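[1] Quick one: sequence plus predicted model below, questions after.
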Amino acid sequence: MPRFNVFENHMVPRHSLATEEETAAILEKFKIIKTQLPKMLIIDPCVKALSQQHKKEGKEQIQLGDVIRIDRESPTAGVYHYYRLVIEDKPIY
């Protein structure tokens, strides 16, 4: 089965692991706690691809509780950063 890199699609914005300092600054700016950030499942294709990318580069893989920064481009706003908390995949019954 051929492998596919989700980041090669022009519709997928750049994803990266947010640093601890960056995460702390965002939480302070919005006066929230980490669990109040929007969520992203650990099984999300972008999280999996980013984790594989880190593995190849010898960096730490993405884990539960990490914060992902998504850089979206806009013709009016330029580049805008979104942050997502990586959570566990739990079935909803």
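    Good, I have the coordinates. Residues are numbered from 1 along each chain as shown.
[2] Just the buried residues of the helix-or-strand element of the chain with minimal mean pLDDT, please?
    Counting by mean pLDDT, DSSP states H and E, the chain has its least confident helix or strand at helix 45-56, which shows a mean of 90. Of all the residues in helix 45-56, those buried under the rule 16 or more other CB atoms under 10 Å are Cys46, Val47, Ala49, Leu50, Ser51, Gln53. Backbone N, C-alpha and C define where each C-beta goes, glycine included.
[3] Please apply the same query to stretch 51-71.
    Ser51, Gln53, Ile62, Asp66, Val67, Ile68, Arg69, Ile70.
[4] List the contacts of the last one.
    Shown in contact with Ile70 (CB atoms under 8 Å, 6 or more residues apart in numbering): Pro13, Arg14, His15, His81, Tyr82, Tyr83, Arg84.
[5] Averaged pLDDT, the strand or helix carrying it. What do you get?
    Assigned by DSSP states H and E, Ile70 belongs to strand 67-74. For strand 67-74, the mean pLDDT works out to 94.
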